[in-house]
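1. Got a predicted structure here, sequence first:
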Amino acid sequence: MPEVSAYAPDGVPDVAPGDDLVAHLLDVVEPDDGEIVAVTSKVVAKAEGRVVEGTREELLPGETARVVARRGPTTIVRTRHGLTLAAGGIDASNVVRGSVVLLPQDPDDSARRFRAAVAARTGRNVGVVVTDTAGRAWREGQTDIAIGAAGLRVAESYAGRVDGHGNELAVTAPAVADEIAGLAELAQGKLGGRPFAVVRGRDDLVLPPGDDGPGAAALVRAEGADLFGYGAREAVLRAVRGDPADAGPFGAPSSREELLAAIAGAGLALERDGDLAGVRVLAFAHGWRADVAPSGGDIRLTPVTP
């Protein structure tokens, strides 16, 4: 039977700016060919000098591409990396009071450099995953995900394969890099002071030397491709405001039939005396624009070019 395991060694000191993370790893464990090294984004960020003075609230705007949702003190944002995280992934734990740790500038690049250094010093070919903690829509609790990766297939595609009953699989694509990150966190623990984990038993996911793969960025959906670009309240507010700069997360224009069904379902009309304000809100949310025809007659609908 296939067996997958994760080992997270003790004995790693507190990481400071400029520290050699690979030296810290090799002081406690030397990974073998085909193994996967998971390293927390926090120690990567610390070593890269991403510890800064200030609070989450003060530094969040600089780490935010756009706000996804707000509920009380919680702000969920899409970062410039494309990640959707509470407080932009800014971490205020295990640092000097008055300081926070920002995410690495480029987690995939951090993973590539880490992998290259392991190869240079040991001659071993490993995969590398940079991990961080994230919540999930519809689910309580958090789990670790891959925000950076090198030398690793980050997703497996089962499209076109056939199951034991002869059914063809269409969209099954396990995000194996995230699964590796979750397994590593189980071994590391949140308070164990073990920033490294070595995952064994999935050498089939590790790419050949010199091939770093697409990185964890390949797991980030493009803006507008996700069905949940805004929180429920925020989607309503953005549609009512109708600012063209807010249109991206709503995705590509829907079909005319879908828009007309939404307008009819809301009890609105496109005739001369129709509710132009209401139609404009629905049109915006569906990727369309609503205007009064030049003749001053009925409301005219036009799809907006993405």
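-> That came in fine, so what should we check first?

2. dump the residue contacts of D132.
-> By CB atoms under 8 Å, 6 or more residues apart in numbering, D132 lies in contact with 40-42, 83, 85, 89, 103, 144-145, 147. For the C-beta atoms, the positions are set from N, CA and C on the backbone; glycine is no exception.

3. Please repeat the previous calculation with a cut-off of 10 Å.
-> Neighbour list for D132: 40-42, 44-45, 83, 85, 89, 91, 103-104, 107, 142, 144-148, 181, 185, 216 [criterion: CB atoms under 10 Å, 6 or more residues apart in numbering].

4. swap in D14?
-> Residues in contact with D14 (CB under 10 Å, 6+ apart) are 43, 46, 94-95, 193, 195.

5. which one in those is the model shakiest on?
-> Within the contacts of D14, pLDDT reaches its minimum at N94, with 81.

6. Quick check on it: phi, psi?
-> phi 60, psi 40 (degrees, to the nearest 10).

7. hang on, it packs against A45?
-> No: with contacts defined as CB atoms under 10 Å, N94 does not count as touching A45, sitting 11.4 Å away.

8. got any residues that touch both of these two?
-> 15, 101.

9. which ones among the contacts of D14 are found in helices?
-> Among the contacts of D14, the members falling in helices (DSSP state H) are 43, 46.

10. List of residues touching the helix or strand harbouring A290?
-> For A290, the host element (DSSP states H and E) is strand 288-292. If you take CB under 10 Å, 6+ apart as the criterion, strand 288-292 is touched by 242, 244, 247, 253-254, 256, 258-259, 263, 268, 270, 272, 274-284, 298-304.

11. May I see the ChimeraX selection of the buried members of the residues you listed?
-> ChimeraX command restricting the contacts of strand 288-292 to the buried ones, with burial defined by 16 or more other CB atoms under 10 Å:
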select :242,247,253,254,259,263,268,270,274,275,278,279,280,281,282,283,284,299,301,303
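
12. In contact with the residue positioned nearest the centre of the chain, which residues?
-> Nearest to the geometric centre of the chain sits L83, at 3.3 Å (CA atoms, centre = their mean). Taking CB under 10 Å, 6+ apart, we find L83 in contact with 63, 65, 77, 89, 103, 107, 132, 134, 145, 147, 216-217, 219-220.

13. Restricted to buried residues, select those residues in ChimeraX.
-> A single ChimeraX command is used to select the members of these judged buried by 16+ other CB under 10 Å:
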select :63,77,89,103,107,132,134,145,147,216,217,219,220
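
14. What helices and strands are in contact with the helix ranked longest in the chain?
-> What stands out as the longest helix in the chain, according to DSSP H, is helix 107-122. Using 3 or more CB pairs under 10 Å, 6 or more residues apart in numbering; DSSP states H and E, the elements in contact with helix 107-122 are helix 21-28, strand 36-40, helix 41-47, strand 127-136, strand 139-150.

15. hmm, try it at 7 Å
-> Applying 3 or more CB pairs under 7 Å, 6 or more residues apart in numbering; DSSP states H and E, we find helix 107-122 packed against helix 21-28, strand 127-136, strand 139-150.

16. just to revisit the earlier point, restricted to buried residues, select the contacts of D14 in ChimeraX.
-> If you want just the buried ones from those in ChimeraX, going by 16+ other CB under 10 Å, the selection is:
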select :43,46,195
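
17. what would the contacts of D14 look like in CSV with distance to E156?
-> Compiled in CSV, these are given as follows (distance: CB to CB, whole Å):
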residue, distance to E156
V43, 28
K46, 32
N94, 34
V95, 36
G193, 32
P195, 27
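
18. Show me which positions of the longest helix of the chain end up buried.
-> Going by neighbour count (16+ other CB under 10 Å), the buried part of helix 107-122 is 107-119, 122.

19. and stretch 81-96, how far from the chain's centre?
-> 12 Å (CA atoms, centre = their mean, to the nearest Å).

20. That stretch: end-to-end distance?
-> Terminal residues of stretch 81-96 lie 26 Å apart, using CA to CA, to the nearest Å.

21. buried ones in that stretch?
-> By neighbour count on 16+ other CB under 10 Å, the buried set for stretch 81-96 is 81, 83-91.

22. So which of those belong to strands?
-> Of the positions in the buried residues of stretch 81-96, 84-86 sit in strands, assigned by DSSP state E.

23. Now tabulate these in a markdown table and tack on distance to W288.
-> A markdown table is the format used below for these (distance: CB to CB, whole Å):
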| residue | distance to W288 |
| --- | --- |
| T84 | 26 |
| L85 | 31 |
| A86 | 33 |
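
24. which one of those sits closest to T55?
-> A86 (14.7 Å; CB to CB).

25. The closest one touches G135, doesn't it?
-> Yes: the criterion here is CB atoms under 7 Å, and A86 meets it with G135 at 6.2 Å.
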